[in-house]
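Asks: show me how the following folds:
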Amino acid sequence: MSTLPKLSATMNHVPASNPDALRVDEALQLIKAFVQPHTQSLTTELIPLQQSLGRVLAKDLISPINVPAADNSAMDGYAFNSASLLNTSSQFIALKNMGAALAGKPFLTEVEVGTCIRIMTGASMPLGCDTVIPQELVQIDGDLISFATNAAKAGDNRRLKGEDLKEGKPALLAGKIIRPADLGLIASLGISQVTVNKKLRVGFFSTGTELRSIGEKLDPGCVYDSNRYTIFGMLSRLNLDLNDFGVVPDQPEDLRLTFATAAAECDVIITSGGVSVGVADYTKQIMQEMGDIGFWKLAIRPGRPMAFGSISSENHQAVLFGLPGNPVATMVTFYQLVKPALLTMAGASHTDTPTSKARSLTAIRKLPGRTEFQRGQLSISSDGMPTVLAMPSQGSGVLSSMSEADCLIVLGHNQESIEPGELVDIVLFEGLI
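Replies: Predicted coordinates for the structure are as follows:
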């Protein structure tokens, strides 16, 4: 990984309305500008097609063939020359069937005007044919077929050579995250291996003396660490190389050691907890000692205490995200700010989180001056309009409400209270979480 620029230099190019509490859109702009140089030092690898799902394509994939390789039929029916339609003034046309063309078994003789051949879907169009009439529109009498003249026009139901993909042209562009349809597309080109960017190395850990891992005794005043498992789940969806550093107690030396180890081994470090202003919250302090901080407070709810910066160790620099300790705030800040940055660093071309509209079923109180994310349940009204119900419990520590919800309601920085029936932006969990 190449050396990242100083955050101060990046921030000079990203003006902030309030440097002490960045707007969400300003923070996202700053993060993306800072992590962008990483894409210039991405290394690549050639892997089997079956292992490429979810990986980022490293270079344009050029089609070595035309798809389809020849004009072919889009229907089961009869192929003929459209000139036959011009040679009759009758409401019906009769053509003589001269044979059949099957997928993988073409008809090799030229088809003359006034004749036709039986053809199956996917079969190559015989020489002389440019049109297919579907079989359900045809009457058969021995070796003659007939159909209404106005039932077909020139070029109907014919797929053209190279209509899907043209030889020598890009089939997929660099930066594409390979999805199931892409696997099929690549396979249709006869390509068995693809060049992808190597996986981003991401280390993560939770901070807090009160935290216990699963299987440990829960002492008085202690809680089980849930954030690390949530973060693991969110990261796992992104196809990354993960390193779980466990739970780190609120002790400066323990934190320094873990930060140093993680920074030497990883491209990105993600922590949860320790970025607030409590007496034992040392994460921000150690970030300042060992690296560079861009911001640690956002105009957002939930998730106001969030740190972003970088840490260096053993001549290696890692991007650092210090997420809030409250479980819901951890998830909100991850999806709004961390996920787009990780995708950018991985070389993906499309990294923004999509939103859609829904009609609010409830009133939602909101003051301008910060972006708010509320948990919601989506449904479809009788008129077919998406509607959303804000969950009754919106506390940032109530993880059960995040489990029960299926979307986030996004209330913009300058937005005010919402009345029932108003349209709001939503982010769907399906495909995200």
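Asks: look up the closest residue to D352, ignoring the ones flanking it.
Replies: Among residues not flanking D352 along the chain, P340 sits closest, at 6.4 Å (Cβ to Cβ, 6 or more residues apart in numbering). Where you see a C-beta, it was placed from the backbone N, CA and C, and this is true even at glycine.
Asks: element containing the one you found, please.
Replies: Using DSSP states H and E, P340 sits in helix 339-345.
Asks: which strands or helices does that helix pack on?
Replies: On a contact count with 3 or more Cβ pairs under 8 Å, 6 or more residues apart in numbering; DSSP states H and E, helix 339-345 meets helix 24-35, strand 316-323.
Asks: alpha carbons of the following helix or strand past the shortest one, as PDB, please.
Replies: In this case it means strand 316-323. On the C-terminal side of strand 316-323, the nearest following helix or strand under DSSP H and E is helix 327-333. C-alpha atoms of helix 327-333 as PDB (Å, rounded to 0.1, in the frame of the first residue of the first chain):
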ATOM      1  CA  PRO A 327     -24.800  -1.100  18.700                       C
ATOM      2  CA  VAL A 328     -27.200   0.800  16.400                       C
ATOM      3  CA  ALA A 329     -24.800   3.700  16.000                       C
ATOM      4  CA  THR A 330     -22.100   1.200  15.000                       C
ATOM      5  CA  MET A 331     -24.300  -0.200  12.300                       C
ATOM      6  CA  VAL A 332     -25.500   3.200  11.000                       C
ATOM      7  CA  THR A 333     -22.100   4.700  10.800                       C
END
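Asks: shaky segments in the stretch 301-433 of the chain?
Replies: Applying pLDDT under 70 to the stretch 301-433 of the chain flags the ranges 431-433.
Asks: how much space between the residue nearest to D352 and D425?
Replies: The gap separating P340 from D425 is 16 Å, by Cβ to Cβ, to the nearest Å.
Asks: and D164, by the same measure?
Replies: Where D425 is concerned, D164 sits at a distance of 35 Å (Cβ to Cβ).
Asks: in the stretch 1-150 of the chain, what residue spans correspond to helices?
Replies: 7-12, 24-35, 83-86 (DSSP state H, counting those that start in this stretch).
Asks: mind listing the strands for the stretch 301-433 of the chain?
Replies: 307-313, 316-323, 356-360, 371-380, 386-390, 407-411, 423-428 (DSSP state E, counting those that start in this stretch).
Asks: and those: which comes nearest T283?
Replies: Across the strands of the stretch 301-433 of the chain, T283 has its closest neighbour in strand 316-323 (5.2 Å, Cβ to Cβ).
Asks: can you spell out which helices and strands pack onto that closest one?
Replies: helix 252-265, strand 268-272, helix 283-290, strand 307-313, helix 327-333, helix 339-345.
Asks: give me the buried stretch members for that strand, please.
Replies: Using 16 or more other Cβ atoms under 10 Å as the test for burial, strand 316-323 gives Q317, A318, V319, L320, F321, G322, L323.
Asks: direction included, what does that strand pair against?
Replies: Within its sheet, strand 316-323 is paired with strand 268-272 (parallel), strand 307-313 (antiparallel), according to DSSP bridges.
Asks: how far does stretch 376-385 sit from the chain's center?
Replies: 24 Å (Cα atoms, centre = their mean, to the nearest Å).
Asks: can I get the strands of the stretch 301-433 of the chain in JSON lines with distance to P170?
Replies: Formatted as JSON lines, the strands of the stretch 301-433 of the chain follow (distance: least, Cβ to Cβ, whole Å):
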{"stretch": "strand 307-313", "distance to P170": "35"}
{"stretch": "strand 316-323", "distance to P170": "31"}
{"stretch": "strand 356-360", "distance to P170": "29"}
{"stretch": "strand 371-380", "distance to P170": "37"}
{"stretch": "strand 386-390", "distance to P170": "35"}
{"stretch": "strand 407-411", "distance to P170": "34"}
{"stretch": "strand 423-428", "distance to P170": "30"}
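Asks: domain ranges for this structure?
Replies: According to automatic domain parsing, the chain comprises the domains 7-43+198-345, 44-66+174-197, 72-159, 356-428.
Asks: now, of those domains, which is deepest in the fold?
Replies: domain 7-43+198-345 (a mean of 19; mean count of other Cβ atoms under 10 Å).
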